[in-house]
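> here you go, sequence then predicted model.
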Amino acid sequence: MDKLLIRGGRRLKGEIAISGAKNAALPILCASLLTPDTLVLENVPELRDIGTTLCLLERLGVKYRNGGGHRVELDASQVDSIEAPYDLVKTMRASILVLGPLLARFGEARVSLPGGCAIGQRPVDQHIKGLAAMGAEIRIEHGYVVARARRLKGTTMRTDMVTVTGTENLMMAAVLAEGRSVLENAAREPEVVDLAELLIKMGAHIEGHGTDRIIIDGVERLHGATHHIAPDRIEAGTFLCAVGAAGGDIVLRHTAAHAMGAILDKLREAGVEIEEGGDWIRARMRRRPRATSFRTLEYPGFPTDMQAQLMALDTLAEGTSVIVENIFENRYMHAPELSRMGAQIEVEGDTAVVTGVASLSGATVMATDLRASASLVIAGLAAQGETIVDRIYHLDRGYERMEEKLCALGADIQRLSGNAP
Ligand code: EPZ
């Protein structure tokens, strides 16, 4: 298993480009199933989860071509399977996003239940509830969701809680359904909006995306399109937390500051000086961070996917921060690893109290999930001495060449391949 070796204490300086958003690219790749025409995607990030999704689509019969330079062309005219097998789904929960498109276009789907993951049980009951409301016959058999529908019928659906992939699955099911669907309590995340924009380019009739009420009028068929994936606001926020912890002066290109309001507010509160333009953000940190309390919420609130990263910044802050994680029930696994580096964190249920310390000390730590691994890298950049982050396959799922981008900013970081002593 690969590791990262980080020699901390160097301020960051320079400019990097932010990649396309993982959580927009994943549903958008699955949307290729909705049409026999070719879908051309640009700014697709090169990530492990993208590879897993392409592998899953290929198992279904989708042909794809990597056009180089983050461009992927997909052709779902020869789909010959409706089954998403456990061996693939268990490695990536977002595989559930083929359920809606398969049902919408082919009238049947057999998708392995994703099972839980490190950060929580993460059921998909709301996906199933919505599809059943659209007339699908659904049963759970041997760990698989088995769904059939001659043709889905539009209806009004209200999920019990805001669910990002639930909203995406139901929107992709509704675009080919008969009649009007209304998704109430819909997710408003920018990645949901990017998917809706892509579907509209393919001929779908969608309104209200970006609000909590999305109206979809089903059509008979969707056609191909070309789409540029929106920037990854979580990757950008992660690098902003890095400069907040390590100090320095960086510029991020190809960003979308308008989708990062809550993140930028909190980083400014922590003392990071931020200037923003249409597609760039400059961040300078010339002081010790200020303690910043926050609670995670659905968009436009502070995103749960940034909780671990801002906690890393808080461990070095002046003062005490109170963090409340409202979205997932087990998303503090980075805390004990940060404590091994000298952080002072008390976790009680959904609340973490962080008492800032003047410095962290480098240590060997273990990544447990995607954003936890980013948090440990941030701490390592600021810590005194050497930090080794183990199991960084978690990091590779959601960050494109992170160590290369950090090296370009002057960090002393290198990847130790799994078989290195
Ligand atoms: C998406 O996961 C993201 N993944 C997650 O990013 C992100 O943390 C999460 O949204 C919240 O923003 C992708 O987009 C691929 P949810 P998702 O359904 O859709 C509960 C990352 O680090 N729930 O919005 O799976 C659920 O347990 C990843 O990039 C149900 O109970 O999250 C959670 O408590 C991690 N039943 C809450 O709702 C359901 O049917 C929100 O989950 C669906 C969800």
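Cool, the structure landed.

> hmm, the helix or strand hosting V111 touching the ligand?
Element membership for V111, per DSSP states H and E: strand 108-112. No - on the criterion C-beta under 6 Å from any ligand atom, strand 108-112 is out of touch with the ligand, staying 13.2 Å away. No exception for glycine: its C-beta is placed from N, CA and C like everyone else's.

> quick one: name the residues of this structure near the ligand.
So far as C-beta under 6 Å from any ligand atom goes, the chain lies against the ligand at 22-23, 26, 94, 120, 122-127, 161, 163-166, 304-305, 327-328, 370-371, 398.

> let's see that with 5 Å instead.
Selection of the chain residues close to the ligand by C-beta under 5 Å from any ligand atom yields 23, 26, 94, 122-126, 161, 163-166, 304-305, 370-371.

> so which of those residues are in strands?
Judged by DSSP state E, strands contain none of the residues of the chain next to the ligand.

> please enumerate the helices of the stretch 51-200 of the chain.
Ranges of helices within the stretch 51-200 of the chain are 86-89, 99-106, 125-133, 164-174, 190-201, based on DSSP state H, counting those that start in this stretch.

> residues contacting the last one, please?
Contacting residues not belonging to helix 190-201 are listed as 21, 23-24, 27-28, 31, 34, 164, 167-168, 171-172, 175, 186, 204, 206, 209-210, 214, 222, 225-227, 229-230, 233, 256, 259, 299 [C-beta atoms under 8 Å, 6 or more residues apart in numbering].

> contacting residues around the nearest residue to D305 once chain neighbours are set aside?
Leaving aside its chain neighbours, D305 sits nearest to I234 (4.7 Å; criterion: C-beta to C-beta, 6 or more residues apart in numbering). Contact partners of I234, counting by C-beta under 8 Å, 6+ apart, are A21, K22, N23, P303, D305, M306, R371, G398.

> burial measure for the last one, as a count.
Right, G398. The local packing of G398 (other C-beta atoms under 10 Å) involves 26 other residues.

> cool, and the first one?
The burial metric for A21, expressed as a neighbour count using other C-beta under 10 Å, is 27.

> contacting residues around it?
P45, P190, E191, D194, I229, A230, P231, D232, R233, I234, E235.

> now it: phi and psi?
Dihedral angles of A21 (phi, psi; degrees, to the nearest 10) stand at phi -70, psi 120.

> and the residue lying closest to it once chain neighbours are set aside, how far from A17?
If the residues on either side of it in the chain are set aside, A21 comes closest to D232, at 4.0 Å by C-beta to C-beta, 6+ apart. To A17, D232 is 11 Å away according to C-beta to C-beta, to the nearest Å.

> what do you get for A225?
Taking C-beta to C-beta, one finds A225 at 24 Å from A17.

> those two - which one has more neighbours?
Neighbours were counted for A225 and for A17 using other C-beta under 10 Å; A225 has more, 19 against 15.

> report the beta-bridge partner residues of the more buried one.
Using DSSP bridges, the beta-bridge partners of A225 come out as L39.

> confidence score at it?
pLDDT recorded at A225 is 98.

> what does A118 give?
pLDDT, A118: 75.

> run a quick neighbour tally on it.
So A118, with other C-beta under 10 Å, has 15 neighbours.

> out of the helices of the stretch 51-200 of the chain, nearest to M366?
The closest of the helices of the stretch 51-200 of the chain to M366 is helix 86-89. By C-beta to C-beta, the value is 24.7 Å.

> residues making contact with that closest one?
T52, C55, L56, R59, S95, I96, V111, S112, L113, P114, G143, Y144.

> with only the CA atoms kept, save it in PDB.
Extracted C-alpha coordinates of helix 86-89, given in PDB (Å, rounded to 0.1, in the frame of the first residue of the first chain):
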ATOM      1  CA  TYR A  86     -21.200  -6.600  -5.600                       C
ATOM      2  CA  ASP A  87     -17.500  -6.900  -6.300                       C
ATOM      3  CA  LEU A  88     -17.600  -3.500  -7.900                       C
ATOM      4  CA  VAL A  89     -20.300  -1.800  -5.900                       C
END
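
> okay, buried residues for it please.
Buried residues in helix 86-89, counted by 16 or more other C-beta atoms under 10 Å: Y86, L88, V89.

> so how far is L33 from the first one?
Using C-beta to C-beta, Y86 is found at 19 Å from L33.

> for G107, which residues are in contact?
So G107 contacts R148, A149, R150, R151 (C-beta under 8 Å, 6+ apart).

> at 6 Å instead, please
By C-beta atoms under 6 Å, 6 or more residues apart in numbering, G107 lies in contact with A149, R150.

> any idea how far it is from the ligand?
Here the distance between G107 and the ligand works out to 22 Å (C-beta to the nearest ligand atom, to the nearest Å).

> now swap in G271 and tell me
With the distance defined as C-beta to the nearest ligand atom, G271 ends up 26 Å from the ligand.

> run through who's touching stretch 173-181.
Outside stretch 173-181, the residues within contact range by C-beta under 6 Å, 6+ apart are 100, 103-104, 131, 134, 151-154, 199, 204, 216-218.

> for stretch 367-387, same thing?
Against stretch 367-387 from outside (C-beta under 6 Å, 6+ apart): 6-9, 118-119, 238, 241-242, 245-246, 305, 308-309, 312, 316, 333-334, 337-338, 341, 359-362, 365, 389, 391-392, 394-395, 397-398, 411.

> just the buried ones from the residues you listed?
Buried, going by 16+ other C-beta under 10 Å: 6-8, 119, 238, 241-242, 245-246, 305, 308-309, 312, 316, 333-334, 337-338, 341, 360, 362, 365, 389, 391-392, 394-395, 397-398, 411, out of those.

> so I6 belongs to a helix, correct?
No - assigned with DSSP: H, G, I helix; E, B strand; the rest coil, I6 falls outside any helix and is strand.

> show me what contacts it?
Under the criterion of C-beta under 6 Å, 6+ apart, the neighbours of I6 are G380, T387, I413.

> cheers, nothing more for now.
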